[in-house]
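Enquirer: I need the structure of the sequence given here:
(one chain, ligands or ions: 1)
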Amino acid sequence: MIDIGIVIGSTRPGRNGENVARWVHDLAAKRDDARFELVDLHEHALPHLDEPQPAAAGSYENPHTLAWSERIARFDGFIFVTPEYNRSTSGVLKNAIDFLYAEWADKAAAFVSYGVDGGVRAAEHLRQVLGQLQVATVQAQVTLSLFADFENLSEFRPAAHQEERVTVMLDQLVSWSRALRPLRA
Ligand SMILES: Cc1cc2nc3c(=O)[nH]c(=O)nc-3n(C[C@H](O)[C@H](O)[C@H](O)COP(=O)(O)O)c2cc1C
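Expert: Purely as a prediction, here's the structure:
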């Protein structure tokens, strides 16, 4: 069985990201080809990167890094639920990614982004970052508009066609997570 982590990329009080991630999780949980689990950065509460060695060295000193490493290492793939902040992803998500290295490698990832223009710039930046970490990012992407998929910019009411987008994204993600298994062995 494939294990997929759904990373909530915002810790902001009143964040939209949690409802978006729960919607993705509810849709994904209907599948029988993978298991899906929410990973809430708010619960991990990582500080600004405070490891003396770069993550690529794989020698972590801090208990919060070891806990984060353990959490991420066991997944086969990820869905990054990302807001767009100043034309990129959130600082808290970038920081959480920077903490680790081997734990991300040879896995697949997909994006659910949201913002004024669907958060596409955030997802594009994440694709660059994850390329460095040898994460294979799938083509299908769910882009949610603050105007079309939310009421008053804050009540999540996804348009009907978005569910189909999630299905296509999950099909690609599960396939690639499975295909990369030999590299992780
Ligand atoms: C610091 C900050 C910067 C933002 N910059 C952008 C932006 O460049 N483009 C955009 O589409 N939305 C931008 N927004 C709007 C966010 O995408 C929107 O508030 C979204 O709901 C934030 O995600 P969250 O509620 O899960 O924290 C910004 C919001 C914040 C807080």
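
Enquirer: And the longest helix seen in the chain, what does it pack against?
Expert: In the chain, taking DSSP state H as the definition, the longest helix is helix 162-179. When contacts are defined as 3 or more CB pairs under 8 Å, 6 or more residues apart in numbering; DSSP states H and E, helix 162-179 sits against strand 2-8, helix 17-28, strand 34-40, strand 77-83, strand 107-115, strand 135-145. C-beta coordinates here come from the backbone N, C-alpha and C atoms, glycine included.

Enquirer: mean confidence for it?
Expert: The pLDDT scores in helix 162-179 average 98.

Enquirer: possible to save the helices and strands packed on helix 162-179 as CSV with distance to residue 101, mean pLDDT and mean neighbour count?
Expert: As requested, the helices and strands packed on helix 162-179 are exported to CSV (distance: least, CB to CB, whole Å; pLDDT from 0 to 100; neighbours: other CB atoms under 10 Å):
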stretch, distance to residue 101, mean pLDDT, mean neighbour count
strand 2-8, 16, 98, 22
helix 17-28, 24, 98, 20
strand 34-40, 17, 98, 18
strand 77-83, 14, 99, 27
strand 107-115, 12, 98, 25
strand 135-145, 11, 98, 19
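
Enquirer: May I see these arranged in JSON lines, with distance to residue 165 as well?
Expert: JSON lines is the format used below for those (distance: least, CB to CB, whole Å):
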{"stretch": "strand 2-8", "distance to residue 165": "15"}
{"stretch": "helix 17-28", "distance to residue 165": "10"}
{"stretch": "strand 34-40", "distance to residue 165": "16"}
{"stretch": "strand 77-83", "distance to residue 165": "12"}
{"stretch": "strand 107-115", "distance to residue 165": "9"}
{"stretch": "strand 135-145", "distance to residue 165": "5"}
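
Enquirer: Could you export these to CSV, including columns for distance to the ligand?
Expert: Shown next, in CSV, are the helices and strands packed on helix 162-179 (distance: least, CB to the nearest ligand atom, whole Å):
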stretch, distance to the ligand
strand 2-8, 8
helix 17-28, 3
strand 34-40, 12
strand 77-83, 3
strand 107-115, 3
strand 135-145, 9
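
Enquirer: tell me the contacts of the closest residue to residue 180 other than its chain neighbours?
Expert: Leaving out its chain neighbours, the residue that sits closest to residue 180 by CB to CB, 6 or more residues apart in numbering is residue 106, at 5.2 Å. Residues near residue 106 by CB atoms under 8 Å, 6 or more residues apart in numbering: 134, 136, 180, 183, 184.

Enquirer: Between all of the residues you listed, which two are separated the most?
Expert: 136 and 184 (11.6 Å; CB to CB).

Enquirer: shared neighbours of these two, which are they?
Expert: Joint contacts of residue 136 and residue 184 (CB under 8 Å, 6+ apart) are 106, 107.

Enquirer: what about the residue most central in space within the chain, distance to residue 90?
Expert: In the chain, the C-alpha nearest the mean C-alpha coordinate belongs to residue 80, at 1.5 Å (CA atoms, centre = their mean). To residue 90, residue 80 is 10 Å away according to CB to CB, to the nearest Å.
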